[in-house]
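Engineer: How does the following fold in three dimensions:
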Amino acid sequence: MTTSTYTGTTALCIRSMHLMADGSRADFDGVYSPDAVNREAAAEPPAARQPGPAGFYATAGWLRAAFSGLRWEIHQTAEQDDLVVVHATMSGRHTGEFVRYRPGTAIVDAVMPPTGKEFAATQTHWFRTRDGMITEHWANRDDLGMARQAGWVPPSPAFLLRAAIARRRAQKRPA
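Structural biologist: You can find the predicted model right below:
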């Protein structure tokens, strides 16, 4: 189904996922409540942990910096009251450094240097909405499947060396 097939809060939540790939900051203002919380942002850059559109837009920038051709294919949705669930596949190509932080800190935990490999991993996103805006997001993702496809695991000795060098560089940059 295309995004235009969906209506109401389900369409809003699907739109929010597509905005992660190519939406502008102004687009995010029309989708996320000023107090919206991303429950998945703990290991993302500090800017992504702030509430509201600015935090979600920072998450989008973080993903776009690591993955080109980022897209979500929507498989199924469910909606009840203020809750929307979207089962999707996220895909793209790992073309930039993927930096993870120690939860709740600005300390770089790991850096996956670009492998150039494509991936497609299933995810289930949960959204809570109020007054036509998203107020909360959390997800279940197949991170191990994505890591295997992107060439992060099992790591080769050369990849481990590249990752260590990339981590050292990232630790010297401001978060």
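Engineer: Low-confidence ranges, the chain, go.
Structural biologist: Residues of the chain meeting the criterion pLDDT under 70: 1-4.
Engineer: just the helices in it please.
Structural biologist: Along the chain, counting by DSSP state H, helices occupy 8-22, 25-29, 52-66, 143-150, 157-172.
Engineer: And for the longest one, what's in contact with it?
Structural biologist: Here helix 157-172 makes contact (C-beta atoms under 8 Å, 6 or more residues apart in numbering) with 97, 99, 107, 108, 110, 111, 112, 113, 115, 151, 152, 155. For the C-beta atoms, the positions are set from N, CA and C on the backbone; glycine is no exception.
Engineer: related to what we said a few turns ago, could I get the helices of the chain as JSON lines with distance to residue 129 and mean neighbour count?
Structural biologist: Below are the helices of the chain laid out as JSON lines (distance: least, C-beta to C-beta, whole Å; neighbours: other C-beta atoms under 10 Å):
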{"stretch": "helix 8-22", "distance to residue 129": "5", "mean neighbour count": "19"}
{"stretch": "helix 25-29", "distance to residue 129": "15", "mean neighbour count": "15"}
{"stretch": "helix 52-66", "distance to residue 129": "14", "mean neighbour count": "20"}
{"stretch": "helix 143-150", "distance to residue 129": "26", "mean neighbour count": "16"}
{"stretch": "helix 157-172", "distance to residue 129": "35", "mean neighbour count": "14"}
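Engineer: Same list (those helices) but as JSON lines, adding distance to residue 74.
Structural biologist: Formatted as JSON lines, these follow (distance: least, C-beta to C-beta, whole Å):
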{"stretch": "helix 8-22", "distance to residue 74": "6"}
{"stretch": "helix 25-29", "distance to residue 74": "18"}
{"stretch": "helix 52-66", "distance to residue 74": "17"}
{"stretch": "helix 143-150", "distance to residue 74": "18"}
{"stretch": "helix 157-172", "distance to residue 74": "32"}
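Engineer: For residue 124, which of those helices is the nearest?
Structural biologist: Closest approach to residue 124 among the helices of the chain (C-beta to C-beta): helix 8-22, 11.4 Å.
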